[in-house]
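> Below are the sequence and a predicted model; questions follow.
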Amino acid sequence: MGAMDLNSKQRSHLRALAHHLDAVVQVGTAGITDAIIAKVDVELENHELVKVKVSKEAPVEVQAGAEAVALATRAGLAQIIGRTMVLYRPRKKKPVIKLPE
């Protein structure tokens with residue numbers, strides 16, 4: 001199972017919700033590691049909508065890194081702003097965020 005597909009209306013809704021959020025995971029000089037994927041996975045289950053920041057020292061391009069993390073966590077990529085990606089995945093039990101159709 002790959003990354004979640006989001007339509008433009010859903011991405012717009014998630015961008016608005018994510019505006020006030022701070023990044024909960026930082027990709028550093030080691031790049032996208034199993035530990036980063038695991039941490040993002042846990043944060044998505046806890047919060048559904050998370051920001052992940054890619055540092056300037058990271059050996060990965062932001063777009064490629066965002067796609068890799070989204071795919072590995074089966075999340076939807078809502079947005080990339082500068083070096084920050086916004087990812088969404090509903091909780092397995094009792095999701096809180098309701099997406100527009």
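Received it, and whenever you're ready, just let me know what you need.

> Quick one: residues contacting the spatially most central residue of the chain.
The centre of the chain sits closest to residue 87, judged by CA atoms, centre = their mean, with a distance of 2.2 Å. Applying CB atoms under 8 Å, 6 or more residues apart in numbering to residue 87 gives the contacts 40, 44, 49-52, 66, 69-70, 73, 75-78. To be clear about C-beta, it is placed using only N, CA and C from the backbone, and glycine gets the same treatment.

> mind giving me TSV with those residues and columns for distance to residue 19?
Listed next are these as TSV, based on distance: CB to CB, whole Å:
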residue	distance to residue 19
40	19
44	18
49	11
50	13
51	10
52	16
66	18
69	20
70	19
73	21
75	18
76	17
77	16
78	11
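
> Among those residues, which one sits closest to residue 7?
Nearest to residue 7, judged by CB to CB, of these is residue 76 at 9.9 Å.

> In the lengthiest helix in the chain, which residues are buried?
Secondary structure assigned by DSSP state H gives helix 34-47 as the longest helix of the chain. By 16 or more other CB atoms under 10 Å, the buried positions in helix 34-47 come out as 36-37, 39-41, 43-44, 47.

> Same check on stretch 49-56?
Across stretch 49-56, burial judged by 16+ other CB under 10 Å covers 49-54.

> and what of stretch 67-82?
For stretch 67-82, by 16+ other CB under 10 Å, it's 68-70, 72-73, 75-80.

> for stretch 84-101, same thing?
Applying 16+ other CB under 10 Å to stretch 84-101 flags 84-90, 99 as buried.

> Let's have these in TSV, adding secondary structure, distance to residue 5 and pLDDT.
Listed next are these as TSV, based on DSSP: H, G, I helix; E, B strand; the rest coil; distance: CB to CB, whole Å; pLDDT from 0 to 100:
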residue	secondary structure	distance to residue 5	pLDDT
84	strand	21	96
85	strand	16	96
86	strand	15	96
87	strand	13	96
88	strand	11	95
89	coil	12	94
90	coil	13	93
99	coil	11	82
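
> Tell me the one among these nearest to residue 15.
Set against residue 15, the nearest of the buried residues of stretch 84-101 by CB to CB is residue 86 (6.7 Å).
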